[in-house]
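Novice: mind looking at a prediction? Sequence and model below.
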Amino acid sequence: MHGGAKGSGAPGGECNGTYRHGLRTNVMMAFERAVRELIRISRRTIDTQIG
């Protein structure tokens, strides 16, 4: 039999391959999308004011 025993399974924290350091969390990715959208809106606004 495999698994189920105390201490079995993948290591925790940074030793685990799925460890998240904060740069790619769902919250951060949503923040990055919002910033990109603000940049797009700003560029459109500037383009309409200039040209």
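Specialist: Sure, I can see it.

Novice: and Thr45, how many neighbours does it have?
Specialist: The burial count assigned to Thr45 is 10, neighbours taken as other C-beta atoms under 10 Å. (Each C-beta comes from the backbone N, C-alpha and C, glycine too.)

Novice: secondary structure element for it, which one?
Specialist: Following DSSP states H and E, one finds Thr45 within helix 26-50.

Novice: ok, and what's touching that helix?
Specialist: Outside helix 26-50, the residues that touch it by C-beta atoms under 8 Å, 6 or more residues apart in numbering are Gly22.

Novice: how does it look with 10 Å?
Specialist: 20, 22-25 (C-beta atoms under 10 Å, 6 or more residues apart in numbering).

Novice: low pLDDT regions in this structure?
Specialist: Flagging of the chain using pLDDT under 70 yields the residue ranges 1-3, 19-20.

Novice: repeat the analysis, applying 80 as the threshold.
Specialist: 1-24, 51 (pLDDT under 80).

Novice: in contact with the residue nearest in space to the middle of it, which residues?
Specialist: Residue closest to the average C-alpha location in the chain (C-alpha atoms, centre = their mean): Arg24, at 2.5 Å. Contacts for Arg24 (C-beta under 10 Å, 6+ apart) come out as Glu32.
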